[in-house]
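> What shape does this take:
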Amino acid sequence: MTTSSVLQMAVLTRVFCFADFVAVPVKVFVNSTVEVASSEYKFYNCAATIHKAKNTPCLSCVSSIWGCQWNTRDHTCSDMNDQDTDPNIIRHKQEQTVEGENPDPILIPVGYKTQISFEGIKLDPYKNHEFTIGTDLMTHTEEEVKWEGGPFYLFSGYEFSYDKAHETSVLFHVKDKYSGRKIDSLLNVTLYNCSRGREDCSLCRNADQSKYQCVWCAAKRTCVYKELCSTDESLPCPNPKITEIIPQYGPLEGGIAVTIKGSNLGIHKEDIKKITVARVPCVHLDQHYSVSTSVVCEIGPLVPGSPVSGEVEVLVEGGRKGLHPSLSLTGTLNPPKWSHNRAPRLEERETFGTNITCKTGSYLAGEKVPSSLLPVTVKYGKLTTKQVPLAFQFLEDPVVSDHQPRKSFVSGGRRIMVTGSGFSLIQKAFIRVNASLDEFSQVSSPMEFQQPAVSKNDSTLVFLSPQVKKSDESQSFSTFLHLDKMVVKLQPFDYLPDPTFDSFPNKMINANSTIKVTGRGFSKAMSADEAKAFVGDVSYSVNTLEDDKLYLEPPSHHSVRMTSGSTSEPLPLKIKFGNREWVVGHVVYESKYEVPLAIIIPAVIIPMLLIIATSAYCYRRKSQQAEREYEKVRHQLENLEESVRDRCKKEFTDLMIEMEDHTNEVGEGRIPFLDYKTYTDRVFFLPSKDGANDVMITGKLDIPEARKAVVAQALNQFSNLLNSKTFLINFIRTLESRPDFNARAKVYFASLLTVALHGKLEYYTDIMRTLLLGLMESYVDSKNPKLMLRRSETVVERMLCNWMSICLYQFLKDTAGEPLYKLFRGLKHQIEKGPVDAMVKKAKYTLNDTGLLGDDVEYSVLTLQVLVHGEGPDITPVKVLNCDTISQVKEKVIEQVYRNTPYSHRPKVDSVTLEWRPGSTGQILSDLDVTSVKEGRWRRMNTLAHYNVRDNATLVLSRVLHTQQSFDQNQDNHEERNALLDEDKVFHLVRPMDELDEIKSKRGSIKDKSMTKAITEIYLTRLLSVKGTLQQFVDNFFRSVLCSGAVVPPAVKYFFDFLDEQALKHDNVDEETIHIWKTNSLPLRFWVNILKNPHFIFDVHTTEVMDASLSVIAQTFMDACTKTEHKLSRDSPSNKLLYAKEISTYKKMVDDYYKGIRQMVSVSDQDMNTHLAEISRTHTEQLNTQVALHQLYQYASKYYDGIIMSLDEDPAAQSKQLTLRLQQIAAALENKVTDL
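Have a look, this model is predicted:
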């Protein structure tokens, strides 16, 4: 065995089961200890999806995430097969057969058989079939379903029995009568029991009679459905019954509330006519009345000389009375005895009886400490007061000076000692741990963990650290000490992952053996004195505890008695750190034999001498071998380091040379910026569901010519209506209150509103500010201000995003656009200089580890001489790779030939052909043709190497002419390509292994397989190479965006000042919250969007490989803008580790940027309005304003009734006749007569 590293892949035995799939974690280790990669593989079973909802097997099948299909004939769920033309197949997400919708009635009483009719949908496959119906509450019986004609069916009903709750939902299943197979049923009714929660007559009659039809049946003395009672339902309810009086004693002066509990105490609070307590009138407090069960009244003072006890009497509607034996009025309140006389001021009672327990409030600031002896005042009711003089004193608050230890494992249980003074005053002490919240997580409140003190005296408190749940490596915890109402943060105090133990082989020991246990992370949060160990029930002491090993010593008094010639049973070896206990293995005590000393000494010494001699010889040989292996590994590492360094230097030099041409283009003003309209179209509407075909981008409305003038006039009126702040605020809030107005609709609506109001951006800004103030109030009041502006969940959040996009367009063109374009070009050059797999979208050179090409593909660089047909004799040299597909070659040729032409004006790949002329004849090159190489069931895409195209070869680029002949030829090529695609699976550079490959691989030696097997992680150094090459471009872009010393857009200063101003008005908004608001409003909403989508601002084309690398840079930008410290480890993602060194620098740039903006001269409202007015004047004419107004009206039409109702309820809207104006617009646009 050598000392070189060994890679191992382990499939963990821990499998997570989720009904229709299993998730199997897979990890790759070096030397069995260092984890270098991990992933998770999911194995699904379509047949198991039907068990997720047994009443709807078809729906469960076709709606699963696995893309399954349902066979109505076989009632089976299987994998999607596009080749299957069986008419009985229902495909993924396709509408399915449903039996049982729209039941009538939907409310069914217990104990009464009620007919139920329902509707069947899309039951053509079951024509002329008969059905049965059943449910779990029908005790394994099923009833026949009768057809009523059309889609309607009838179930004769069932006499249900159910008494666990007032209501329960009953789901019926429907089966084909003859096959016994279930078909999808959504039939759902509500079963209710009148007697549940209505134990007396008053409660029964208080029920909603029109809904439940419950009556009080005197014969059965219970509440039942009206058809189940044969007696007269109109009889009056029985007399009230009083069961409990709280309290049973009261002061002579009265003034306290008495709670009377019982039954039949009326249905309405007005039913209570009179209450007397011990013949003293008691005033009914009707706000505390509970139907039939509870009455609260305030007792008056006792007349001197009257009896101090007597009956409690309640008189209700109809002259019915309820009596309770007695309640006593006591004399003067006796002085209380105090069990604790050194605490803060009296605030509220906790318990009452012979002793009174109360909580105290905070001592008044500025008063002397310790205080004088203060009186205690006890108030009983409104009229009884007693004062105890010199009964109480305030002392100094406790002081916490130190705590040890300062770390704990996440499993908790470590003994934490807190030292200080004044702890004897404390009545309740506990320790609390809060888990941190990620700024972009969806959890609204942090988890809390608590643990009370286990002991205390005046100077020491002892706690056991609480057990916490750690969701990921970056999560942090804050620890607080609660001393009554006083809260102290314990810092530093860190939670560390639990240690891990290596497998412990079963071994035999004697009673005096020292046991060695190995693992990782022992000493990070534990000491030898705190750790515990057990062999069976016998406690072992932990003699030595290091980070990777610990030694266990047996107790001195321990001995194991064994019979001669036998061994004991295996005993578990348990290690306990705090709360958690690990069974690391088993040990067996060896048997004891009585052997003479004369035999023991030679038997031990002679083998020992032989072992020493042998060990010395082996050690010498191993040392020499290890030295040679060490030198070999050291040279390999030096060569690898030198290789990476040389590669970065060479590739950076190549990139700089290549970028000189692009720098010249930039200097000549040839950055392909999009015009303002195209920019706003892509930012606002390209992410919509219709994409580039969205009506706001095409600008085409389907309006008859005869109505265009009327519609245009009505839209102008609608524009004027939108300019009413009262209408627009009501419009937005009405839409947001509707549950079907989802997040996508809010985003689209806000973008339409931005275009419609572009002519008055200052008014748009005023609306945005008003809505933001309301949004801010809601988040601050909900105690979660940090969550504001995180996601576009409201219209105003998308309005803010659009506002930033509008205001920063010129800043992009003047300042940030150039470094962003250079970064884009540099990244594109780096990716395309190496192989890119056209099928799996992975590249040799990338920043994203998931998009890294995990095979070492051989390739060479070729320079092609390209002649464009019909455009003169000029030849353009183009650099390509011999492993490029023909489409990739076309892209590079078009990129070079038309480099001075924006992407949208260049010919597309499918519109050109590439012809190679090695001699007198030419050959059309294509990705797939009859010459494509087959490997088993796979067909390799054609490359330049496949056609044997050499360096400096001449190729002709021709445009496809749309003549009939060329169309037929092109059609033939497409048909040939489609035939090849249908026949075989296609790959480019990396082919997945199939069965034939596995058979072939078994014939090779282990050495051959280990040499040919590619492991992706070996090539992770390429990430460093690309990152190092592009570092200057990334830094330049970050500096252009985060430099407050240069030009800062006025909109940024204006909005940041607005956030600072509003934060000062709220006590629970700190600096970290303001930082998060600014990050969510600018970097997250605008810069990350532009960085991930450069085609929003430039006329360029992006690919999936480009998107993956841009996402890594964007994620780095987001991490730099957060306040959370990301703790990195070897388990952290490669993308996080890639920029780990630079992230602190970027964070400082963000902090300095925010501070610099705060120190700038403020932008006044007048200056901002002037700036916005200039933007409106310059660009509004270019936008499709009329189309936006037309689309906005569609929302007004959809939610017309709600908007009208909202306007009618608003006095300001009524005074402006906004309802009438909207009705007139609706009449014109929808071409209908209204009731005006």
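
> which residues of the stretch 51-200 of the chain fall in strands?
Taking DSSP state E, counting those that start in this stretch, the strands of the stretch 51-200 of the chain run over residues 68-71, 76-79, 89-90, 98-104, 107-109, 116-121, 131-134, 143-149, 152-155, 167-171, 173-176, 182-183, 188-192.

> Same check on the stretch 401-550 of the chain?
Taking DSSP E, counting those that start in this stretch, the strands of the stretch 401-550 of the chain run over residues 407-409, 415-421, 429-435, 448-456, 460-464, 477-483, 486-490, 494-496, 500-501, 507-509, 515-520, 532-535, 538-545, 549-553.

> deepest of the ones you listed, which one?
Of these, the one with the most neighbours on average (mean count of other C-beta atoms under 10 Å) is strand 407-409, at a mean of 23. C-betas here are computed from N, CA, C, even on glycine.

> Adjacent strands (with direction) for that one?
Using DSSP bridges, strand 407-409 pairs in its sheet with strand 494-496 (parallel).

> Next, the contact list for Phe43, please.
Contacts were defined as C-beta atoms under 8 Å, 6 or more residues apart in numbering; by that measure Phe43 touches Phe21, Val22, Val24.

> ok, back up a step: of all the strands of the stretch 401-550 of the chain, which one comes closest to Val912?
Among the strands of the stretch 401-550 of the chain, the nearest to Val912 by C-beta to C-beta is strand 429-435 (57.8 Å).

> Which strands or helices does that closest one pack on?
Applying 3 or more C-beta pairs under 8 Å, 6 or more residues apart in numbering; DSSP states H and E, we find strand 429-435 packed against strand 448-456, strand 460-464, strand 477-483.

> Can I get these in JSON lines including mean pLDDT and distance to Arg628?
Shown next, in JSON lines, are the helices and strands packed on strand 429-435 (pLDDT from 0 to 100; distance: least, C-beta to C-beta, whole Å):
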{"stretch": "strand 448-456", "mean pLDDT": "87", "distance to Arg628": "54"}
{"stretch": "strand 460-464", "mean pLDDT": "92", "distance to Arg628": "53"}
{"stretch": "strand 477-483", "mean pLDDT": "89", "distance to Arg628": "48"}
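
> which intervals of the stretch 1051-1200 of the chain have sub-threshold pLDDT?
Flagging of the stretch 1051-1200 of the chain using pLDDT under 70 yields the residue ranges 1130.

> returning to that earlier point: how about JSON lines for the helices and strands packed on strand 429-435, with distance to Thr1178 added?
Output for the helices and strands packed on strand 429-435, formatted as JSON lines (distance: least, C-beta to C-beta, whole Å):
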{"stretch": "strand 448-456", "distance to Thr1178": "54"}
{"stretch": "strand 460-464", "distance to Thr1178": "66"}
{"stretch": "strand 477-483", "distance to Thr1178": "51"}
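
> Of these, which is nearest Lys226?
That would be strand 448-456 among those, by C-beta to C-beta, at 51.1 Å.

> Quickly run through the sheet partners of the closest one, with directions.
Here strand 448-456 has these sheet partners by DSSP bridges: strand 429-435 (antiparallel), strand 460-464 (antiparallel).

> circling back: ranking the contacts of Phe43 by neighbours, who comes first?
Phe21 (18 neighbours; other C-beta atoms under 10 Å).

> Can you name the residues that contact it?
Taking C-beta under 8 Å, 6+ apart, we find Phe21 in contact with Lys42, Phe43, Tyr44, Asn45, Ala48, Trp66.

> Try it again at 6 Å.
By C-beta atoms under 6 Å, 6 or more residues apart in numbering, the residues touching Phe21 are Lys42, Tyr44.

> what's across from it in the sheet?
Tyr44.

> And for Asn434?
Glu448, Ser478.

> circling back to that earlier point, and which of the contacts of Phe43 is nearest to Leu1084?
Phe21 (33.7 Å).

> Check the closest one and give its pLDDT.
Note on Phe21: pLDDT of 86.

> what does the one 5 residues further on give?
Per-residue confidence for Val26 comes out at a pLDDT of 85.

> So it is in contact with Ser39, correct?
Yes: Val26 lies in contact with Ser39 (C-beta atoms under 6 Å); the separation is 5.4 Å.

> before we move on, back to that, turn the strands paired with strand 448-456 into TSV, columns for distance to Tyr192.
Formatted as TSV, the strands paired with strand 448-456 follow (distance: least, C-beta to C-beta, whole Å):
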stretch	distance to Tyr192
strand 429-435	43
strand 460-464	50
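
> who's in contact with stretch 72-81?
With contact meaning C-beta under 6 Å, 6+ apart, stretch 72-81 is reached by 46-47, 49-50, 61, 67-70, 88, 92, 125, 181.

> average pLDDT across that stretch?
Mean predicted confidence for stretch 72-81 is 86.

> Can you give me the separation between the residue lying closest to Pro1050 once chain neighbours are set aside and Tyr1054?
Leaving aside its sequence neighbours, Pro1050 sits nearest to Val1163 (C-beta to C-beta, 6 or more residues apart in numbering; 4.8 Å). As judged by C-beta to C-beta, to the nearest Å, Val1163 and Tyr1054 stand 4 Å apart.

> go on, Gln450?
To Tyr1054, Gln450 is 45 Å away according to C-beta to C-beta.

> List the buried residues of stretch 830-847.
For stretch 830-847, burial by neighbour count (16 or more other C-beta atoms under 10 Å) applies to 830-838, 840, 842-847.

> And that stretch, how far out from the chain middle?
Chain-centre distance of stretch 830-847: 31 Å, with C-alpha atoms, centre = their mean, to the nearest Å.

> got it, and stretch 1199-1216?
Its chain's C-alpha centre and that of stretch 1199-1216 lie 38 Å apart, by C-alpha atoms, centre = their mean.

> One more: stretch 756-775?
30 Å.

> Same check on stretch 1169-1183?
How far stretch 1169-1183 lies from its chain's middle: 39 Å, per C-alpha atoms, centre = their mean.

> hmm, who's touching it?
Taking C-beta under 6 Å, 6+ apart as the rule, stretch 1169-1183 contacts Tyr676, Lys677, Val755, His758, Gly759, Leu761, Glu762, Pro1050.

> and that stretch, which residues are buried?
Under 16+ other C-beta under 10 Å, the buried positions of stretch 1169-1183 are His1171, Leu1172, Ile1175, Ser1176, His1179, Thr1180, Leu1183.

> Tell me how many other residues crowd Val1100.
When counting by other C-beta under 10 Å, one arrives at 18 neighbours for Val1100.

> My read is that it contacts Thr901, right?
No: at 11.8 Å, Val1100 does not count as touching Thr901 under the criterion of C-beta under 6 Å.

> that older thread, dump the strands of the stretch 51-200 of the chain into a markdown table; add mean neighbour count as well.
Below are the strands of the stretch 51-200 of the chain laid out as a markdown table (neighbours: other C-beta atoms under 10 Å):
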| stretch | mean neighbour count |
| --- | --- |
| strand 68-71 | 22 |
| strand 76-79 | 17 |
| strand 89-90 | 19 |
| strand 98-104 | 20 |
| strand 107-109 | 19 |
| strand 116-121 | 20 |
| strand 131-134 | 20 |
| strand 143-149 | 14 |
| strand 152-155 | 19 |
| strand 167-171 | 15 |
| strand 173-176 | 20 |
| strand 182-183 | 22 |
| strand 188-192 | 18 |
